[in-house]
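**Q** Got a sequence here, can you build the structure:
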Amino acid sequence: MEGVMKIFNRNIRIMVILVLWACASASGQTNNIKVCYQKTTMLVFPQNIKDADFGSADIIVRQPKRTANVLKVKAARKAFEPTNISVITTGGKLYSINVYYDEDPPVQAYDTFTQSGTVPTVAFDEAMSPAEIEYYAQQVSISPPRLRRPVFSDNRMKVQLRNIYIKDGLLFFAFSISNHSQIPYDVYFTRFYVRDMARAKRTTALEKEIAPRHVYFSTDSTIIEGEPVTVVAAFDKFTIAEKKHFDIEVYEEGGDRLLKIRIKGRHILAATPFVKPLPVVR
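**A** Below is the predicted model of the structure:
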């Protein structure tokens, strides 16, 4: 019964967002922003962000660490077709934002948005609170590694999958990043997407980006020589077909050392249940 209610609540959430987005578009209550490939645009909302979704993999949308009401937006490729971002904040407020490409946008920070609607509280039913996700991600980061592959090495950097855990409908992917050079590696952002290899010769629509519920760094997002960092990304559970891969990419700030690992469906299906109890009270 509990599982049925979760599916029911999720369906309500999707329906409400679609209806309100259509109403907002019809009434002209939308927000327009411009982004480019070389610069990052900041969006600051008046309330904490509960959920955010974007309509295309042509843009990169991330929430900075230690912030609750800020989004970073950047173009993943130049001259993309217009797309949109939908944001739900605490209190059920919905914001619909149109995103356009501009080689030199005149504004890099937005803090005023027109509210498009209100989402019922029932749409926010979650099995695990953000604080619990943070706790389990921390516990996963210090768990002994069960996996040695996949692994990627390039430019004296190494990224390696350590663990995949499943807990209350969430998948936790833990991977380590090691630096074997004298130049510190500053993590700019991470990207997670499913790539359909079977369609590679038939269409350009190969990638579906998946937004994590949480990304945890065991120490700092700067990796120096001899001090590896473990990163844990939490997602709503999913599986992928045999001809698809789940790709993780890590981008360097102020540099070109791109790190990536490719995870197959069999790795995800072998996820280990995480049984350590929660010691804190909600």
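
**Q** where are the low-confidence patches of this structure?
**A** Where the chain drops to pLDDT under 70, the residues are 1-30, 65-66, 116-127, 198-205, 276-282.

**Q** buried set for stretch 47-60?
**A** 49-52, 54, 57-60 (16 or more other CB atoms under 10 Å). Using the backbone N, CA and C atoms, a C-beta is placed for each residue, glycine as well.

**Q** Please name the residues that touch Glu227.
**A** Counting by CB atoms under 8 Å, 6 or more residues apart in numbering, Glu227 touches 179, 219.

**Q** Ramachandran angles for it?
**A** Main-chain dihedrals, Glu227, degrees, to the nearest 10: phi -130, psi 80.

**Q** if we can go back for a sec, out of the buried residues of stretch 47-60, which sit inside strands?
**A** 49-52, 54, 59-60 (DSSP state E).

**Q** if I look at the closest residue to Pro273 other than its chain neighbours, how far off is Arg213?
**A** Nearest residue to Pro273, sequence neighbours excluded (CB to CB, 6 or more residues apart in numbering): Ile166, at 5.7 Å. According to CB to CB, to the nearest Å, Ile166 stands 13 Å off from Arg213.

**Q** And for Pro82?
**A** 27 Å.

**Q** now swap in Arg262 and tell me
**A** Arg262 is 21 Å from Arg213, by CB to CB.

**Q** And for Lys260?
**A** In terms of CB to CB, Lys260 sits 21 Å off from Arg213.

**Q** So which of these two has more stuff around it?
**A** Comparing Lys260 with Arg213 by other CB atoms under 10 Å, the one with more neighbours is Arg213, at 17 against 14.

**Q** got a list of what that one touches?
**A** Arg213 touches 133, 170, 234-236, counting by CB under 8 Å, 6+ apart.

**Q** of the residues you listed, closest to Val187?
**A** Proximity of the contacts of Arg213 to Val187 (CB to CB) peaks at Ala234, which lies at 16.9 Å.

**Q** Okay, and the beta partners of the residue lying closest to Gln108 once chain neighbours are set aside?
**A** Spatial nearest neighbour of Gln108, chain neighbours left out: Thr41 (5.4 Å); criterion: CB to CB, 6+ apart. Thr41 has these beta-bridge partners by DSSP bridges: Val73.

**Q** My guess is Thr41 contacts Ile60. True?
**A** No. With contact defined as CB atoms under 8 Å, Thr41 does not count as touching Ile60 (10.5 Å).

**Q** And the helices in this structure?
**A** 2-27, 130-141, 265-269 (DSSP state H).

**Q** what sits against Arg149?
**A** Listed by CB under 8 Å, 6+ apart, the contact partners of Arg149 are 160-161.

**Q** and with 10 Å instead?
**A** Counting by CB atoms under 10 Å, 6 or more residues apart in numbering, Arg149 makes contact with 160-161, 261, 263-264, 267.

**Q** And the closest residue to Gln63 other than its chain neighbours, how close does it get to Ile210?
**A** Leaving out its chain neighbours, the residue that sits closest to Gln63 by CB to CB, 6+ apart is Leu71, at 5.8 Å. Distance from Leu71 to Ile210, counting by CB to CB: 17 Å.

**Q** returning to what we had before: now distance to Phe189 too, for the ones in strands among the buried residues of stretch 47-60, in TSV please.
**A** Formatted as TSV, those follow (distance: CB to CB, whole Å):
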residue	distance to Phe189
Ile49	16
Lys50	21
Asp51	19
Ala52	14
Phe54	14
Ile59	12
Ile60	6
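
**Q** Distance to Phe152 and neighbour count for the contacts of Arg213 - can I get that in TSV?
**A** Listed next are these as TSV, based on distance: CB to CB, whole Å; neighbours: other CB atoms under 10 Å:
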residue	distance to Phe152	neighbour count
Ile133	26	21
Leu170	25	22
Ala234	21	22
Phe235	20	18
Asp236	25	14
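
**Q** tell me which of those residues is nearest to Ser221?
**A** Nearest to Ser221 among those: Ala234, at 16.7 Å, using CB to CB.
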